[in-house]
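Asks: below are the sequence and a predicted model for it; my questions follow.
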Amino acid sequence: MNTSEHTDIICFQGTHTVAVDSSHRIMLPSRWRIDSGLAEFVVLLWPVAKEEYLLVLPPNRWQRVVESFSQYSLSDEKAATVERVLSSTSQTIRLDRYGRLPLPESMVAKIGIKDKATVLGRMSKFEIWPPELWDARVKDTKLFAFDYITSMNL
């Protein structure tokens with residue numbers, strides 16, 4: 001099966017601390033590897049202006065990002081700027097045969113990941129954080145989420 005044609009909705013859940021080997025590879029949680037059937041992902045430095053963590057999108061989610069630009073004129077400079085930034089700060093990577101995700105060396109260095117990483121699910125995507133930064137953010141993140149969930153009527 002061509003992974004770029006995989007259309008099932010995958011739900012990445014949980015927070016996991018994983019080892020980063022000397023080749024900058026991480027082992028994804030087994031449930032994510034077996035259930036998804038995916039072997040390819042797009043990794044972006046995120047958020048664009050801060051570049052604090054890696055946002056990882058399966059092909060179908062990345063395709064939605066790409067398709068969203070088709071509505072803009074080729075001469076739309078704002079859209080072209082966003083395309084440039086997203087394209088220049090992203091890479092397509094494939095799981096190896098053992099289910100390890102090789103993280104681009106330049107991205108790992110930029111966000112400061114060393115020998116461990118925090119991997120957390122975001123439903124149709126997931127994030128990879130330096131553990132120290134995620135640990136510093138998690139409490140404020142949960143407080144913000146609590147307030148926002150209330151306004152969403154979930």
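Replies: Nice, thanks for sending it over.

Asks: tell me how far the nearest residue to R100 once chain neighbours are set aside lies from A117.
Replies: Leaving aside its sequence neighbours, R100 sits nearest to R25 (C-beta to C-beta, 6 or more residues apart in numbering; 4.1 Å). (Each C-beta comes from the backbone N, C-alpha and C, glycine too.) According to C-beta to C-beta, to the nearest Å, R25 and A117 sit 10 Å apart.

Asks: can you give me the neighbour number for the closest residue to H24 other than its chain neighbours?
Replies: Spatially, and ignoring its direct neighbours in sequence, H24 is nearest to L103 (4.5 Å; C-beta to C-beta, 6+ apart). L103 has 23 neighbours, counted by other C-beta atoms under 10 Å.

Asks: list the contacts of L103.
Replies: V20, H24, R25, I26, V43, L54, I93, I113, A117, I128 (C-beta atoms under 8 Å, 6 or more residues apart in numbering).

Asks: one more time with 7 Å
Replies: Neighbouring residues of L103 by C-beta atoms under 7 Å, 6 or more residues apart in numbering: H24, R25, I26, L54, I128.

Asks: so the third one sits right up against T17, yeah?
Replies: No - counting by C-beta atoms under 7 Å, I26 does not reach T17; the two are 10.2 Å apart.

Asks: so which of those two has more stuff around it?
Replies: Comparing I26 with T17 by other C-beta under 10 Å, the one with more neighbours is I26, at 21 against 12.

Asks: so which residues of the protein form strands?
Replies: 15-19, 25-27, 40-46, 53-57, 90-94, 100-102, 116-121, 126-129 (DSSP state E).

Asks: quick one: these as TSV, columns for mean pLDDT and distance to D76 too.
Replies: Shown next, in TSV, are the strands of the chain (pLDDT from 0 to 100; distance: least, C-beta to C-beta, whole Å):
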stretch	mean pLDDT	distance to D76
strand 15-19	96	38
strand 25-27	96	37
strand 40-46	96	21
strand 53-57	97	23
strand 90-94	95	20
strand 100-102	94	34
strand 116-121	97	34
strand 126-129	98	29
